[in-house]
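Trainee: The sequence and its predicted three-dimensional model are supplied below.
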Amino acid sequence: MLYEIANGHQKGRTVGYSNGSFSNGVSNGTATSNGYSNGHEEHPVVDLRSDTISKPTQAMRDAMYLAPVGDDVYGEDPTVNLLIQKACELLGKEDGILVPSGTMANLIAIMVHCRERGSELICGDNSHTFKFEQGGPAQIAGVQQALVKNLDDGTFCLEEMKSKIRVDPDCHEPTTSLIIVENTHNICGGKVLPLSWLDELTSISKSYKIPVHMDGARIMNAAVALNVPVNRIVKDIDTVCFCLSKGLGAPIGSLLLGSTQFIQRATRVRKALGGGMRQSGIIAAAGLVALDSMIGRLKIDHDRTLKIARAISDFQSDLFKVDLKSVQTNILMVYLDAKRVTVSEFLKRLYEVKDADEVKVHLRATTLNSNSARFVLYWEITEKDVDLAIGKLKLVVKEFEDKLKM
């Protein structure tokens, strides 16, 4: 039976919801192995390149099929409205919009906060916004980025940040209009930003009347790792975005949340960027299942990531190392001696299967720089996949070490 839920945070929107349409079911850690053949490989594939390659659960597919839909550009898609309502309640924000990607969400936030030409934002030098979004702030928004050095834990020195803030800039200078933080921090290996650091940062930003945006693509991983409600993490953050399509397993979409006034402006910018989607309740339905059933199980991914890290540490290799203390969520960085082994050689051998290999599996990973390989876990990676990955890593590490001893 269809019924309506008054959407208190967005006047004029209604939420239609078919009772029973949105199953919360998900295999909690016993998913079908992703070690499947994709039509080209004879042997299993364990793909740990990114959690973005995760596929929707059956519950998500069922919900997408049954989702009530409308025109979201007009604010009339009931499933999108319900998703926004749930996300706002979860994170303690007034309003939100659904967009195709985290990159678009970040760009919209930048364009709304940095409304004047000649604006400048402050972010870490290893932030996703700076490194992996094609210079969008400059290319599209006309916003300059002032960089502070990211520390190993994903934070940066707040004194250095303060030195970058332009107080009463004269006509030669840009205007400091925004500070961006990333949580969890991708390049730093899935690090969770400490709450005390965030509290101090937002206290400083408020004293300068500069808003803070959090690129929270994996913020649910951060909340699970800290064992705190996610609204605690963003309680003093002005705007935040998070991805539905990474560890949460939905096929597409990110949410951008903030004040009602901010979202009104963000909705206009979304339209200009081509991000206004019509019957997007089909996408939002998977997001509802994600929020209902995929957050708590992220700890399974974290535990399995740590299991792989401990195994590599136990190899006691001089060539390949991990920092166990830094493994906090679902991202594992394996550091190698780049003077003796290249990342490309390592990744190629992990994927390659030879007749003499005792463990016959194609293991996929990726790299973000010249001295490390990145492994990322998600809901489809099972205990069997983890054991296969460990076996292949042990084989390859020993092979490289034996080769260099010759």
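Mentor: Perfect, I can see it now. Given the structure is predicted, the values throughout are model-derived calculations rather than measurements. Numbers count the residues shown, from 1 in each chain.
Trainee: Now for this protein: which helix has the highest residue count?
Mentor: Secondary structure of the chain per DSSP state H: the longest helix is helix 383-405.
Trainee: Residues touching it, excluding its own?
Mentor: 29, 33-35, 44, 46, 48, 304, 307-308, 311-312, 315, 317-320, 340-341, 345-346, 349-350, 357-359, 361, 363, 375, 377 (C-beta atoms under 8 Å, 6 or more residues apart in numbering). C-beta here means a position set from N, CA and C on the backbone, and glycine is covered the same way.
Trainee: 6 Å - rerun?
Mentor: Helix 383-405 is contacted by residues 33, 35, 46, 304, 307-308, 311, 315, 317, 319-320, 340-341, 349-350, 359, 361, 363 when judged by C-beta atoms under 6 Å, 6 or more residues apart in numbering.
Trainee: same deal with stretch 209-226?
Mentor: 102, 106, 109, 113, 128-129, 176, 178-184, 192, 202, 205, 230, 237-240, 242-243, 246-247, 295, 298-299, 328-330.
Trainee: Then stretch 91-106?
Mentor: Contacts for stretch 91-106 (C-beta under 6 Å, 6+ apart): 9-10, 80, 84, 87-88, 129, 133, 215, 217, 230-231, 234, 241, 243, 253-260, 263, 266-267, 270, 275, 280.
Trainee: care to break the chain down by domain?
Mentor: 58-293, 298-405 (automatic domain parsing).
Trainee: Do a quick rundown of the strands in the stretch 151-300 of the chain.
Mentor: 175-182, 212-215, 239-243, 254-258 (DSSP state E, counting those that start in this stretch).
Trainee: which of the ones you listed is buried the deepest?
Mentor: strand 254-258 (a mean of 29; mean count of other C-beta atoms under 10 Å).
Trainee: Please identify the pairing partners of that strand and their relative orientation?
Mentor: strand 95-99 (antiparallel), strand 239-243 (antiparallel) (DSSP bridges).
Trainee: nearest to residue 161, of those?
Mentor: strand 239-243 (17.9 Å; C-beta to C-beta).
Trainee: ok and the closest one relative to strand 175-182, angle-wise?
Mentor: Angle between the axes of strand 239-243 and strand 175-182 is 40 degrees (criterion: axes from the mean of the first three to the mean of the last three C-alpha atoms, to 10 degrees).
Trainee: List buried residues within the contacts of stretch 91-106.
Mentor: Neighbour counting by 16 or more other C-beta atoms under 10 Å classes 9-10, 80, 84, 87-88, 129, 133, 215, 217, 230, 234, 241, 243, 253-258, 263, 266-267, 270, 275, 280 among the contacts of stretch 91-106 as buried.
Trainee: Thought residue 174 was touching residue 120, still the case?
Mentor: Yes - contact criterion C-beta atoms under 6 Å: residue 120 and residue 174 qualify, at 3.9 Å.
Trainee: Find residues that contact each of those two.
Mentor: With C-beta under 6 Å, 6+ apart as the test, residue 120 and residue 174 both reach residue 144.
Trainee: Mind checking which of these two has more residues around it?
Mentor: The neighbour count for residue 120 versus residue 174, taken as other C-beta atoms under 10 Å, is higher for residue 120 (20 against 17).
Trainee: does that one sit in a helix or strand, and which one?
Mentor: Using DSSP states H and E, residue 120 sits within strand 119-124.
Trainee: for that strand, packing partners?
Mentor: strand 144-148, strand 175-182 (3 or more C-beta pairs under 6 Å, 6 or more residues apart in numbering; DSSP states H and E).
Trainee: how far is that strand from where the chain is centred?
Mentor: Here strand 119-124 is found 20 Å from its chain centre; the criterion is C-alpha atoms, centre = their mean, to the nearest Å.
Trainee: What pairs with that strand, parallel or antiparallel?
Mentor: strand 144-148 (parallel), strand 175-182 (parallel).
Trainee: could you dump those strands to a markdown table with distance to residue 395 and mean pLDDT?
Mentor: Converted to a markdown table, the strands paired with strand 119-124 look like this (distance: least, C-beta to C-beta, whole Å; pLDDT from 0 to 100):
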| stretch | distance to residue 395 | mean pLDDT |
| --- | --- | --- |
| strand 144-148 | 40 | 97 |
| strand 175-182 | 35 | 97 |
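Trainee: Can I get the ones you listed in CSV including distance to residue 396?
Mentor: CSV is the format used below for the strands paired with strand 119-124 (distance: least, C-beta to C-beta, whole Å):
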stretch, distance to residue 396
strand 144-148, 36
strand 175-182, 31
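Trainee: Which among those strands is found nearest to residue 66?
Mentor: Here strand 175-182 is closest among these (C-beta to C-beta), at 35.4 Å.
Trainee: residues in contact with the closest one?
Mentor: Outside strand 175-182, the residues touching it (C-beta under 6 Å, 6+ apart) are 113-114, 119-123, 127-129, 165-166, 169, 205, 210-215.
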